[in-house]
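> Need a 3D model of the sequence below.
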Amino acid sequence: MRIRSTLVLAAATLAAGSRAQAACCYFSAKNADILQPAQKVFLTYDPKEKVETFTVQPKFEGNALDFGMVIPTPTQPKLHEMPRDFFKHLAVYTILKKREFPHSNLLPQPNFGLPGGGGIGGLQPVAPASAPAGPPIGAPPPVRVLEAGLVGSLDYKIIEADRADALFSWLKDHKYSYSGDEASLNFYVQKKWLFTVMKIDTMQMKRNKDGTFAGEVTPTRFQFASEKFIYPLKITQISVKDKTEALFYVQAPFKADLQGDFSYQMTWVPMLQAGSGCTPGGLPGGGEQWLKEFAPQQQNLIAKAKGLGFQFVAGQRPAPGKGGRIPTTMEWARKLSKSDVQVLRGEAPYSEKVPDVDEGFTQADVKDNQRAQAVFKVIQARLNKSRQERRIGYLVREAPKEDVAALTQLAGHMQEGKFVTKFRKIFLKDEMNDDLVIVPARYGDAEDKSEYEEILPVSPP
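Next up, the predicted model:
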């Protein structure tokens, strides 16, 4: 089955998936197919308490009647149902803003506002939750069910295994057709991780004319203790044909990034440089400060990017480098303030409003030459005032009213004072040989605290 960033096992009626999401993988049976087109995940981490959460929402396409997914975690997780449109709300909240300036439709001459910059833009039901079984007589079985229950509409079991071959057999005996080998399971068994197994009935999903199914399951949050801020990626490799695209939303006390060659700095720093000098007062969100602090590392970054075959082109998505590898891109980042949380609660506006300098006047008012001069004078005074008060314009973004109203479902999940970082990475199969470790955004001795919530300008060629 498919789950983002989790190990996914397809039920007996599944076929091998061709693409998978991180932290999970799908294993399928013959004559059935489950595809996993992409993945989204919301992660949080408390480094003091050593507690991590990640929320995943399986999205699938295929002809399997039912399937399952398995998510490995370092310790026993607590499961919670999340709002069904949780990731839609995150997408709406992180829409990049753009700078707009007041303009008049009545003045017979060009406005004097500053120009806006371009941007880069059949399965048996599981019984209710029960206490872990007592110790067996004699040696304990190599695979043990620690917990079983229901989260949302999903049946789940949390299991631990001492041997990969025993886990392989357990999956087969419980109607999971596993297309991988024992070695892929052994990676986590040797680390003594636990596995959460969930089963999904596709008959509850939308059916296409060709008989296949498509749909998304209600998001599930996993909360567990972890010494490191990790994301299971290795397990997904089994069900990936060539690559998988992952979109991460990370909330932590720090701005987050991936390690080494997966860092988004190879695209973020060039993007800041491309917009430098185009905005009065410098780049927004502390971008100028980050470029200044990063300067001693610039040559190292250029050399690394060149070695990987990465070439930044302003206004374009990154092209593949050597071996088809694609660099990570940072798409939104902000340390949440009180006003940000108020937006989620519906207590503050979602977007700034650009003043209407023509308010109170119509075309009829400017048909008379004598009256028109007085009207133009008022409008020009309004434009001059807006330039003085907001010399770099108003931050504007648009979304349907009903989607903005639904942002209240994020309240309680997004926390004031925490940094939320949104970044995207397309992983090739040979880039998934280990799990991900999420780290503070920094390069060398410099820590990146820059924010990205508005479209950046681009310097002319």
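> how many other residues sit next to residue 392?
Residue 392 sits with 17 neighbouring residues when counted by other C-beta atoms under 10 Å. Bear in mind the C-beta positions are built from the backbone N, C-alpha and C, glycine included.
> Dead centre of this structure: give me the residue that sits there.
The residue lying closest to the centre of the chain (C-alpha atoms, centre = their mean) is residue 248, at 2.9 Å.
> So that one is in contact with residue 427, correct?
No. Here residue 248 lies out of contact with residue 427, judged by C-beta atoms under 8 Å, at a distance of 11.4 Å.
> Got phi/psi on residue 231?
phi -140, psi 120 (degrees, to the nearest 10).
> Skip the chain neighbours and tell me the closest residue to it.
residue 436 (4.2 Å; C-beta to C-beta, 6 or more residues apart in numbering).
> Quick check: the one you found vs residue 263, distance?
12 Å (C-beta to C-beta, to the nearest Å).
> I'd say residue 286 and residue 452 touch.
No. Residue 286 is not in contact with residue 452 according to C-beta under 8 Å; the separation is 9.6 Å.
> So for those two, which residue has more residues nearby?
Set residue 286 next to residue 452 and count neighbours by other C-beta under 10 Å: residue 452 wins out with 25 against 17.
> partner residues bridging the more buried one?
residue 333 (DSSP bridges).
> what number of residues lie near residue 276?
16.
> Can you give me every residue that contacts it?
Contacts for residue 276 (C-beta atoms under 8 Å, 6 or more residues apart in numbering) come out as 282-283, 287-288, 291, 459.
> what's the closest of those residues to residue 407?
residue 287 (26.0 Å; C-beta to C-beta).
> so how many other residues sit close to the closest one?
22.
> Need the residues that contact the helix or strand encompassing it.
Element membership for residue 287 (DSSP states H and E) is helix 287-294. By C-beta under 8 Å, 6+ apart, the list of residues contacting helix 287-294 from outside reads 265, 269, 272-273, 275-276, 282-283, 301, 443, 446-450, 452, 456.
> so after it, what's the next helix or strand?
helix 298-308.
> That next one versus helix 287-294: what angle between them?
Here the directions of helix 298-308 and helix 287-294 differ by 90 degrees (axes from the mean of the first three to the mean of the last three C-alpha atoms, to 10 degrees).
> Spit out the contact partners of residue 433.
Taking C-beta under 8 Å, 6+ apart, one finds 234, 237 in contact with residue 433.
> can you do 7 Å?
Residues counted as contacts of residue 433 (C-beta atoms under 7 Å, 6 or more residues apart in numbering) are residue 234.
> for it, phi and psi?
phi -80, psi 0.
> Same check on residue 196?
phi -100, psi 120.
> That one bridge partners, please.
Going by DSSP bridges, residue 196 forms beta bridges with residue 71, residue 158.
> Report the contact partners of it.
70-71, 73, 77, 156, 158, 222 are the contacts of residue 196 under C-beta under 7 Å, 6+ apart.
> Return a ChimeraX selection command for the buried portion of those residues.
Selecting the buried subset of those in ChimeraX, with 16 or more other C-beta atoms under 10 Å as the burial test, is done by:
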select :70,71,73,77,156,158,222
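> Which of the contacts of residue 196 sits closest to residue 371?
Nearest to residue 371 among the contacts of residue 196, with distances taken as C-beta to C-beta, is residue 222, at 67.5 Å.
> returning to what we had before: so the residue nearest to residue 231 touches residue 232, yeah?
No. Using C-beta atoms under 7 Å, residue 436 is not in contact with residue 232, being 8.0 Å away.
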